[in-house]
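J.: pasting the sequence and the predicted model now:
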Amino acid sequence: MPPDAVPNRDRPAGSTTLDGRVSLVTGAGRGIGRACALALARAGSDVIAVARTSTELDQLESEGEGRIRGWREDVTADGFFARVEALERLDILLNNAGMNRPLPIQDVDTATLDRMLQLNVRSVYRTSQAAVRVFLRNDRGGCIVHMSSQMGHVGAAGRTVYCLTKHAVEGLTKAMAVELAPRRIRVNSVAPTFIETPMTQPMFEDPAFRQSVLESIPLGRLGQVEDVVGAVMYLVSPAASLVTGHSLRVDGGWTAR
Ligand SMILES: NC(=O)c1ccc[n+]([C@@H]2O[C@H](COP(=O)([O-])OP(=O)(O)OC[C@H]3O[C@@H](n4cnc5c(N)ncnc54)[C@H](OP(=O)(O)O)[C@@H]3O)[C@@H](O)[C@H]2O)c1
């Protein structure tokens, strides 16, 4: 039986060792993906870190204690999906790459709509599909975490496209979880509130926006990448061996209102 399918009582409580596992993290060059790639490596996993900016991957590799290998790829490209599918071994996929371009609906141009659907939805689907083919070929089970958002659960002004894409990710999470459970493949999502990363940095340059976000988070602070890392590491660990189809909200209470 693969490690993911072992009931938790057979492992040390809170065990997070990922020794011998192979993980793939998309969007690992900076922000949330970078922090998760480092955490997976620290937990013992070999990590394939995917992004387009070479300098950021070089830096990440240098901090990965020999466990992180960069793939300089565009995660929307067919060549990337083929490369994933050709992997001999894969245990964990973190589908993290994503983007946001906040705009009122009347100003969303077709290019923005298509780019966001391409990256936030189509790439997540095709990368998952490629990973599942590896999991099934090896018949060892597997674990997928999609990086969703609190915007996968609620709506917000200026975020029609982002909410559309993250709600799609939540639907995909549930459908994949149900379909793949018999093959011992777990699929979950993490739904963070606003996290301080290069993606949100320009948004927080507007003090009024920053204040409005803080007022919407009952716990009263912005998220840090470490908050998201904790959720991801739980979901990929043996401690979560009975958890699938779940969306773990790391939102300081935003969606509880
Ligand atoms: N930050 C937040 O407040 C927040 C909240 C909720 C959910 N999220 C979600 O969390 C995920 C990560 O967000 P973040 O804030 O960490 O983003 P970020 O700081 O903008 O980093 C995004 C990463 O994805 C990579 N990437 C983007 N497009 C790519 C492509 N086509 N091919 C390969 N790599 C690509 C970027 O590298 P290159 O540009 O070099 O390729 C970068 O490494 C996203 O899915 C986002 O929607 C973020």
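T.: Great, that's in hand.
J.: going forward, measure contacts between C-alpha atoms and count neighbours the same way
T.: Noted.
J.: which residues in the stretch 51-200 of the chain form strands?
T.: 68-72, 92-95, 142-147, 185-192 (DSSP state E, counting those that start in this stretch).
J.: nearest to residue 205, of those strands?
T.: strand 185-192 (19.9 Å; Cα to Cα).
J.: after the closest one, next one along is what?
T.: Moving toward the C-terminus from strand 185-192, the first helix or strand encountered (DSSP states H and E) is helix 207-216.
J.: chain center to that next one, what's the gap?
T.: 25 Å (Cα atoms, centre = their mean, to the nearest Å).
J.: what helices or strands is the very next helix or strand once past it leaning on?
T.: Proceeding N to C from helix 207-216, the next assigned helix or strand is helix 225-236, under DSSP H and E. Here helix 225-236 touches helix 31-42, strand 142-147, strand 185-192, strand 247-250, going by 3 or more Cα pairs under 8 Å, 6 or more residues apart in numbering; DSSP states H and E.
J.: need these in CSV (columns: mean pLDDT and mean neighbour count).
T.: Formatted as CSV, these follow (pLDDT from 0 to 100; neighbours: other Cα atoms under 10 Å):
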stretch, mean pLDDT, mean neighbour count
helix 31-42, 98, 23
strand 142-147, 98, 27
strand 185-192, 99, 27
strand 247-250, 98, 22
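J.: ok, now how distant is residue 90 from the ligand?
T.: The gap separating residue 90 from the ligand is 19 Å, by Cα to the nearest ligand atom, to the nearest Å.
J.: among the helices and strands packed on helix 225-236, which is nearest the ligand?
T.: Nearest to the ligand among these is helix 31-42; the distance by Cα to the nearest ligand atom comes to 3.5 Å.
J.: hmm, residue 17 and residue 44 touching each other?
T.: Yes: with contact defined as Cα atoms under 8 Å, residue 44 counts as touching residue 17 (6.3 Å).
J.: same list, the strands of the stretch 51-200 of the chain, but as TSV with distance to residue 115 please.
T.: Supplementary listing: the strands of the stretch 51-200 of the chain in TSV, determined by distance: least, Cα to Cα, whole Å:
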stretch	distance to residue 115
strand 68-72	19
strand 92-95	17
strand 142-147	17
strand 185-192	21
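J.: tell me which parts of the protein are close to the ligand?
T.: 27-33, 51-53, 73-76, 96-99, 147-149, 192-200 (Cα under 6 Å from any ligand atom).
J.: let's see it at 5 Å
T.: Within the chain, the positions lying close to the ligand (Cα under 5 Å from any ligand atom) are 27-32, 51-53, 74-75, 96-98, 149, 192, 194-195, 197-199.
J.: give me the below-cutoff pLDDT ranges for the stretch 1-150 of the chain.
T.: 1-16 (pLDDT under 70).
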